[in-house]
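In: model the following, please.
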Amino acid sequence: LQGSPLTTGLILSTAMKLPPMTLLFMTSPSLNPALLTTMAILSTALGGWMGLNQTQVRKVLAFSSISHLGWMAIIITYNPKLTLLNFYLYTLMTAAVFLTLNSIKVLKLSTLMTAWAKAPSLSAMLMLTLLSLAGLPPL
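Out: Residues are numbered from 1 along each chain as shown. Alright, predicted model coming up:
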């Protein structure tokens, strides 16, 4: 995801997750819940820990994608329809982030701080969407 343009990154982070999520949704009743939960926790932990010390926005979003897939795998063992809602909301928020980053031409977190002067309202909405993807409770 790091070396690709933002529009390609959007497709990789959202549309390319649709076939695996469909397979998980269809096979979820027959999957071993303990194994699926273990793999989901490992995916969530890996995505969260690896995304902490990144300065490239696309790397942060890639690790966020790994982490969110883990959360969806945990949810699917308990309520598969809630996983679909989670996937739709994730796709909506990720599309908003990628399209906003593409429109203000930001690739690093350091340039994101200077983009505030160019488009303050768009930058504010981007920050709220990023906090929402990060799991801040009210968002």
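
In: quick one, helices of this protein?
Out: 6-13, 18-27, 33-50, 57-78, 80-104, 109-114, 120-134 (DSSP state H).

In: contacts for the second one, please.
Out: This points to helix 18-27. 31, 69, 72, 73, 76, 80, 83, 84, 87 (CB atoms under 8 Å, 6 or more residues apart in numbering). In short, each C-beta sits where N, CA and C put it, glycine included.

In: just the angle between that helix and helix 57-78, please?
Out: Put simply, helix 18-27 runs at 10 degrees to helix 57-78, going by axes from the mean of the first three to the mean of the last three CA atoms, to 10 degrees.

In: touching, residue 47 and residue 71? I think so.
Out: No: Residue 47 is beyond contact range of residue 71, at 9.1 Å (criterion: CB atoms under 8 Å).

In: might you report the residue contacts of the most centrally placed residue in the chain?
Out: The centroid of the chain falls nearest to residue 65 when counting by CA atoms, centre = their mean (3.6 Å). With contact taken as CB under 8 Å, 6+ apart, residue 65 is in contact with 1, 13, 17, 47, 94.

In: dump these to a markdown table, plus distance to residue 104 and neighbour count.
Out: Formatted as a markdown table, the contacts of residue 65 follow (distance: CB to CB, whole Å; neighbours: other CB atoms under 10 Å):
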| residue | distance to residue 104 | neighbour count |
| --- | --- | --- |
| 1 | 19 | 16 |
| 13 | 18 | 23 |
| 17 | 25 | 19 |
| 47 | 25 | 19 |
| 94 | 16 | 21 |
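
In: ok, those residues vs residue 110, which is closest?
Out: Comparing the contacts of residue 65 against residue 110 with CB to CB places residue 1 closest, at 18.9 Å.
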